[in-house]
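>>> Coordinates for the following, if possible.
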Amino acid sequence: MLTLYDRLGGSDGIRHIVDDIVANHLANPVVNPRFAHVADLNHLREMAFQFFCMGSGGPQHYSGKDMLSAHRGMNISEQEYLAVMDDVLAALDKNKVDDTAKHDVIAILYSLKGDIIRQ
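The predicted structure follows:
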């Protein structure tokens with residue numbers, strides 16, 4: 001059985017997905033204010049890439065903060081969280097990720113909700 005990493009297209013596929021997620025966030029009026037002024041979008045992309053790779057069973061190591069530390073003090077709302085989830089789903093759709101893999105990604109991200117919202 002293929003890992004989620006493989007089903008997302010491995011390193012290249014995840015890199016495309018992450019690029020599309022960041023583009024979606026920048027175009028999304030609900031979360032754009034959180035991303036429009038990020039000083040180093042390349043660093044954000046790299047952290048998201050590492051996170052997706054490691055979280056999906058890839059060989060990459062995630063060198064970023066844990067989700068609670070990364071989102072502490074941001075006071076992210078439920079609406080913002082759902083907008084981000086929509087952006088992720090749109091990126092997965094654009095990259096023709098199958099429904100089973102999409103559900104697996106959403107399950108992982110949803111499991112982190114408590115570490116992200118209202119921190």
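>>> going forward, measure contacts between C-alpha atoms and count neighbours the same way
Fine.
>>> show me the contacts for the nearest residue to residue 51 once chain neighbours are set aside.
Once flanking residues are discounted, residue 51 sits nearest to residue 62: 5.4 Å by C-alpha to C-alpha, 6 or more residues apart in numbering. Residues near residue 62 by C-alpha atoms under 8 Å, 6 or more residues apart in numbering: 47, 50, 51, 54.
>>> Just the CA atoms of the strand or helix carrying residue 13, as CSV, please.
Using DSSP states H and E, residue 13 sits within helix 10-27. Extracted C-alpha coordinates of helix 10-27, given in CSV (Å, rounded to 0.1, in the frame of the first residue of the first chain):
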residue,chain,number,x,y,z
GLY,A,10,6.0,12.6,-3.3
SER,A,11,8.3,15.6,-3.0
ASP,A,12,7.4,17.2,-6.3
GLY,A,13,3.6,16.7,-5.9
ILE,A,14,3.7,18.2,-2.4
ARG,A,15,5.8,21.1,-3.5
HIS,A,16,3.1,21.9,-6.1
ILE,A,17,0.3,21.5,-3.5
VAL,A,18,2.0,23.8,-1.0
ASP,A,19,2.6,26.4,-3.7
ASP,A,20,-1.1,26.3,-4.6
ILE,A,21,-2.1,26.5,-0.9
VAL,A,22,0.0,29.6,-0.3
ALA,A,23,-1.4,31.2,-3.5
ASN,A,24,-5.0,30.3,-2.4
HIS,A,25,-4.3,31.9,1.1
LEU,A,26,-3.0,35.1,-0.6
ALA,A,27,-6.2,35.3,-2.7
